[in-house]
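Trainee: 3D, please:
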Amino acid sequence: MHTEMQRRSAWLGMGLLLTSAALLVLGMGVGSTGLDSLQGLRADPIAWQIVWEIRLPRTLGAWLAGALLALAGAVAQGLFRNPLADPYLLGSASGAALGGALAMVMAGTSAMGMAWLGRLGMTGMAFVGAALAVLLTLLLAQGVQNTLRLLLAGVVVGVVLGAVRDMLELAYPDILQSMKAFGLGSTVFVGWESCLLMAVALLACALVAWVLARVLDGLTLGEATAASLGLPLAPMRAGLIAVMALATGTAVAQTGLIAFVGLAAPHLVRGICRVAHGRSIWLSAGMGGVLLLAADILARWMVAPQELPVGVLTALLGGSYLLWLMHQRNQRKGKEAG
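Mentor: Model prediction:
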């Protein structure tokens, strides 16, 4: 059985790599001008500019953002031992949204605000907001020792910061439309600099999570069992929470709030092959990249030359998948009970 799962995971990894490559090529050809931009690359400098400066970084950025969210989701589900855990549990999404709202308010109200915004940018403020939200959650939970307290603290911080953001939007209605776009999620403004930032964050987070994966394997057997194995739970938990915060904050700062990718990708991987977290983390990241990139291409193509917010599609598709999964489980339980 173990050998079979290892073989399945290898095939899944190869399939995700091939699918990612195919979607990257497809993403370069999908846009308001269709495939004409690809066909005229050599002869038309404008076509080259469209593909190289707009479509390619956006396509690669969508894959990287999906991989970051799925990686954070896999870590969250292992850390909290809850298959419904997602990357936004520690309040990072609400913190990022509040940071973005503050950036917009500062930019429109004072010269000092413009100076700060020039240094950090909208994405920098969103990332700072996400990081501060996670720190506030850790402070409220009094550390990382108690996962239930940490979970509850994250929910409280998310609600409170969301309420503060709503108050800002009421006080400054000019930012409402921009915040709506941030909440729906989009890869429109992802450029090469964003891709480089997300690639570095993904590599760092994946390596740290892979090194600390044994604590996630230990926690599947229970906290007492994990402690009896001699694992230093507190520092390893802190490292995994840092991975969650960095991965989620980086993705949200670049693309806004994109739902269900971080929740659904680890589920899909577990449905295909159940392997240790050290391998599952990499597979989940690849699955998340494929899901978000496919959704982004679909969002660009469905109503071209217009486009849908990618977060709307991920919410519809991811929510439908989870409802189907719950239905299947209920049916299975009914058969077992009968």
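Trainee: residue ranges of the strands in the stretch 151-300 of the chain, please?
Mentor: Using DSSP state E, counting those that start in this stretch, the strands of the stretch 151-300 of the chain do not appear at all; there are none.
Trainee: Pull the number of nearby residues for Gln145.
Mentor: If you count neighbours by other Cβ atoms under 10 Å, Gln145 ends up with 13. Bear in mind the C-beta positions are built from the backbone N, C-alpha and C, glycine included.
Trainee: Same check on Pro305?
Mentor: A count of neighbours around Pro305, defined by other Cβ under 10 Å, yields 9.
Trainee: Am I right that Thr255 is in contact with Leu184?
Mentor: No - distance between Thr255 and Leu184: 10.3 Å, which falls outside the contact criterion (Cβ atoms under 8 Å).
Trainee: Show me which of the two is the more surrounded one.
Mentor: Here Thr255 and Leu184 are set side by side on neighbour count (other Cβ under 10 Å), and the busier one is Thr255, at 31 against 18.
Trainee: Could you check what's spatially nearest to the more buried one, not counting adjacent residues?
Mentor: Ala65 (4.6 Å; Cβ to Cβ, 6 or more residues apart in numbering).
Trainee: For the one you found, give its distance to Thr147.
Mentor: Here the distance between Ala65 and Thr147 works out to 27 Å (Cβ to Cβ, to the nearest Å).
Trainee: Settle it for me: which of those two has more neighbours?
Mentor: Taking Ala65 and Thr147 together and counting by other Cβ under 10 Å, Ala65 has the greater number of neighbours (33 against 18).
Trainee: Now do the SS call for the more buried one.
Mentor: The three-state assignment at Ala65 reads helix, by DSSP: H, G, I helix; E, B strand; the rest coil.
Trainee: Could you double-check that it sits in contact with Ile258?
Mentor: Yes - using Cβ under 8 Å, Ala65 is in contact with Ile258, at 7.0 Å.
Trainee: which residues are common contacts for these two?
Mentor: With Cβ atoms under 8 Å, 6 or more residues apart in numbering applied, the overlap between the contact sets of Ala65 and Ile258 consists of 251, 292.
Trainee: what about the closest residue to Met287 other than its chain neighbours, distance to Tyr321?
Mentor: Here the nearest residue to Met287 in space, its sequence neighbours aside, is Ala265; by Cβ to Cβ, 6+ apart that works out to 4.2 Å. Here Ala265 is placed at a distance of 10 Å from Tyr321 (Cβ to Cβ).
Trainee: Those two: who's more crowded?
Mentor: Neighbours per residue (other Cβ under 10 Å) separate Ala265 from Tyr321, with Ala265 holding more: 28 against 16.
Trainee: Give me the distance between that one and Ser280.
Mentor: Relative to Ser280, Ala265 is positioned 10 Å away (Cβ to Cβ).
Trainee: now Gly13
Mentor: For Gly13, the distance to Ser280 under the criterion Cβ to Cβ works out to 11 Å.
Trainee: neighbour-wise, which of the two wins?
Mentor: A direct count of neighbours by other Cβ under 10 Å for Gly13 and Ser280 places Ser280 higher, at 24 against 17.
Trainee: Spit out the contact partners of the more buried one.
Mentor: Ser280 makes contacts with 74, 266, 269-270, as judged by Cβ under 8 Å, 6+ apart.
Trainee: just these now: which is nearest Leu246?
Mentor: Compare each of those with Leu246 using Cβ to Cβ and the shortest gap goes to Ala74, at 14.3 Å.
Trainee: give me the element that closest one is part of.
Mentor: Secondary-structure element containing Ala74, defined by DSSP states H and E: helix 56-79.
Trainee: in the helix or strand following that helix, what counts as buried?
Mentor: Using DSSP H and E, the helix or strand that follows helix 56-79 towards the C-terminus is helix 92-109. Going by neighbour count (16 or more other Cβ atoms under 10 Å), the buried part of helix 92-109 is 92-107.
Trainee: By pLDDT, rank those and give me the bottom one.
Mentor: Confidence by pLDDT is poorest for Ala107 among the buried residues of helix 92-109, given 69.
Trainee: looking at the chain, which helix or strand is least sure?
Mentor: In the chain, no helix or strand scores lower on mean pLDDT, DSSP states H and E than helix 36-39, which sits at a mean of 52.
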